[in-house]
Each structure stands twice: as C-alpha cells, then as structure tokens.
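In: The amino acid sequence is not available; the structure is as follows:
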C-alpha cells in the first residue's frame, strides 16, 4: 500500500512540474471577461482570460477627469458633461431686458423678472379719430377729439380740420396776384397756380461750393469752383483760401521733452508748452564745479583742494577729498647724546 501511495505522489509531482512549462509555452488567445469604463474620477479596468490555458490579465487606465463644457446659467454653475460635477459659480441674473408697460425688467438669459412693470404713459395726444395713446405700447385711454374745421379753404380745397386735414365746404378758386419769377409765370396768391411766362435767370458768379446762381431764384448753371485748400497746421485744420471752409482737424503739436534750459517744444511749428526743467545741481567738489545731473551743465567753480601741510610721515593732502601732493618730509634726526 505504501508503495502505491509513493508512486501516486511521484506522478502528481511530475504533473505539477509540467504545468508551468506548458503555460509558458501557451500562445494565448484572449477573450474579455469584464470591462469597466473609466469615469471622471475612477480609471477604467479590463479583465481578459486566455481560452487555452485559463490565465487572466488585468489592465487599468486613468480617470477621464472632469469635462466642464455645460455652460453656467443664471442659477447653476458650469457642469461636467459626464457626471454633473460643478465648478465656479452661477452667472447671476442679467436684468438687461427693459421693463415694459405691462411686464417688469427681465433677465436676458433666463427671463427671470425683477421689479415692476412701468405702467402706461399716456403722453401721445388724442387726435380727431383716435384716443390718447401710451408712448411705449400704443394702448389707448379716453376718446377721440373729433374734427376742428379751422383751416381756411384754398383755391382748390375746402375748409380743413386743423388736426387731421378732413374737409368741409367748397374751394375758393384762384387769385393771380403773385408776380412772375425766373422759371414760373404769375401765380395765384393762394395756391401758386400760374398764368403768363417766366422772367428768366439772373446768374451771380460761382463760388467754391456753388456754381453760378440766379439772384432771384437760386437756380444754378455750370460747376462750383471747388475749394483751394491750404495744408493743416498744428493749431488749424486745412482751410480754403477763398471761403474759409475747413476740413479735418489741426495736426496737433508734436512735443519734444523739456530740458533744463528749454520748455517742451513742437517739432513742427516751434510752439512751446510748460517751463524749462531747471538744473538739478550736484554739490561742487575739489575738482568740479556744481554740475547738473540731467544735462551736465555747470555753475560756479570747483572748490579747489584744501591742502594740509606735509609731515614727516605723510605728504600734503586735501581735507575734503584725500588728494595728496608730493611726498612725506621725512625725519630730520639730531645727533644722539650721552643721555
């Protein structure tokens, strides 16, 4: 019995030893057994199994991250198109749609309202046939005025209403008492109907903007002279030498920077503005007079050295700037004595 168990154990060991080499030699044929799509915050996961040897393989991906492409509204912040996560703040209402007589101010994005309606403004006066109207929405109130026939009759028309031109009665007929003009014969004093012949034109000389013009009626012939324009300057636009017509605007000054001794100056016309800056003098030194830090101009004289006498061990030197001249005097030794 023990011998049989020993043989069985050796057989099992041989099989177990062969399994890794068999798996290593497998040319896998994978099939997907589970697939979890990635979300904004969690990566995707795919599990595959070899249909030959049963080996499984798992692969994972990264989260997608939020895609905030759903625009913010007046009351909601910008949203992720995948998971409705939000970022930022709502836009808030934009009450730019003006209130009307019957509706309050509205939000241009969502039609929310604010405040109250304006109410009617009955400022359009009533007419003969229409009642008073609201200036904003044409709503009416009250009654029409009715006709007021106070406009006198003319040669060809009967009496008219002063408000709407409705007529009543008969026309007057013509009265030819208006003298003839350049282009028209004698006229009716009431309606300009004509009789006879015109006078003809009396032309005055042409100008820059007008051709020859009749002194009686303003009729023209030929062409205007056109403007004779001078160039614009810093302070004056281009102008006509004949009629003072102007075009455009003055060029304006082109100012240079002010200096210590001169104010800002226009490079085109020489005009100046403001004042010179004045010198900004640094204190004089032993070798330099007072000197301007902006332009290098000088004032006065250098202070000159204030020389102390040389000593046995030091040359003559300036008390202000440490300039030295010459050499130390050296010691002048007396002869030593017994004591």
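Out: Right, received. Where do you want to start? As the structure is a prediction and not an experimental result, all values here were calculated from the model. Numbering: from 1, shown residues only.

In: going forward, measure contacts between C-alpha atoms and count neighbours the same way
Out: Noted.

In: any weak-confidence spans in the protein?
Out: 1-24 (pLDDT under 70).

In: any idea how far the residue lying closest to residue 274 once chain neighbours are set aside lies from residue 275?
Out: Among residues not flanking residue 274 along the chain, residue 263 sits closest, at 5.7 Å (C-alpha to C-alpha, 6 or more residues apart in numbering). Residue 263 is 4 Å from residue 275, where distance means C-alpha to C-alpha, to the nearest Å.

In: So between these two, which is more surrounded?
Out: Remark: of residue 263 and residue 275, residue 263 carries more neighbours, 19 against 13, as counted by other C-alpha atoms under 10 Å.

In: hang on, the more buried one packs against residue 278?
Out: No - between residue 263 and residue 278 there is no contact under C-alpha atoms under 8 Å: 9.5 Å.

In: anything in contact with each of those two?
Out: Here residue 263 and residue 278 have no joint contacts, going by C-alpha atoms under 8 Å, 6 or more residues apart in numbering.

In: Phi, psi for residue 260 please.
Out: phi -60, psi -30 (degrees, to the nearest 10).

In: does residue 307 have beta-bridge partners, and which?
Out: residue 318 (DSSP bridges).

In: so who does it touch?
Out: With C-alpha under 8 Å, 6+ apart, residue 307 has these contacts: 316, 317, 318, 319.

In: how far away is it from residue 92?
Out: 81 Å.

In: residue contacts, the spatially most central residue of the chain?
Out: Geometric centre of the chain, nearest residue: residue 96, 20.4 Å, by C-alpha atoms, centre = their mean. Residue 96 sits next to 105, 106, 107, 108 when contact means C-alpha under 8 Å, 6+ apart.

In: where along the chain do the helices fall?
Out: Remark: helices assigned in the chain by DSSP state H are 2-24.

In: For residue 288, grab the count of nearby residues.
Out: Residue 288: 16 neighbours (other C-alpha under 10 Å).

In: And for it, nearest residue in space, chain neighbours not counted?
Out: Nearest non-adjacent residue to residue 288 (C-alpha to C-alpha, 6+ apart): residue 302, at 4.4 Å.

In: Burial check on residue 191, number of neighbours?
Out: 16.

In: Distance of it relative to residue 157?
Out: For residue 191, the distance to residue 157 - C-alpha to C-alpha - is 10 Å.

In: for residue 70, same thing?
Out: From residue 70 to residue 157 the distance is 70 Å (C-alpha to C-alpha).

In: Could you do residue 146 as well?
Out: 20 Å.

In: How about residue 220?
Out: Taking C-alpha to C-alpha, one finds residue 220 at 34 Å from residue 157.

In: what do you get for residue 214?
Out: Residue 214 is 33 Å from residue 157, by C-alpha to C-alpha.

In: Could you do residue 274 as well?
Out: 72 Å.

In: between those two, which one's more packed in?
Out: Using other C-alpha under 10 Å as the criterion, residue 274 and residue 157 rank with residue 157 on top: 16 against 10.

In: Isn't that one up against residue 171?
Out: Yes - using C-alpha under 8 Å, residue 157 is in contact with residue 171, at 4.5 Å.

In: OK, contacts around residue 198?
Out: 180, 181, 182, 183, 184, 185, 186.

In: that older thread, going through the contacts of residue 307, which ones are buried?
Out: For the contacts of residue 307, a burial check counting by 16 or more other C-alpha atoms under 10 Å picks out 316, 317, 318.

In: and of the residues you listed, the nearest to residue 289?
Out: Checking the buried ones among the contacts of residue 307 against residue 289 by C-alpha to C-alpha gives residue 318 as the nearest, at 16.6 Å.

In: wait, the closest one sits on residue 304?
Out: No - at 9.1 Å, residue 318 does not count as touching residue 304 under the criterion of C-alpha under 8 Å.

In: Endpoints of stretch 196-204, how far apart?
Out: First-to-last distance for stretch 196-204 - C-alpha to C-alpha - comes to 26 Å.

In: One more: stretch 242-253?
Out: 26 Å.

In: What are the buried residues along it?
Out: 246, 253.
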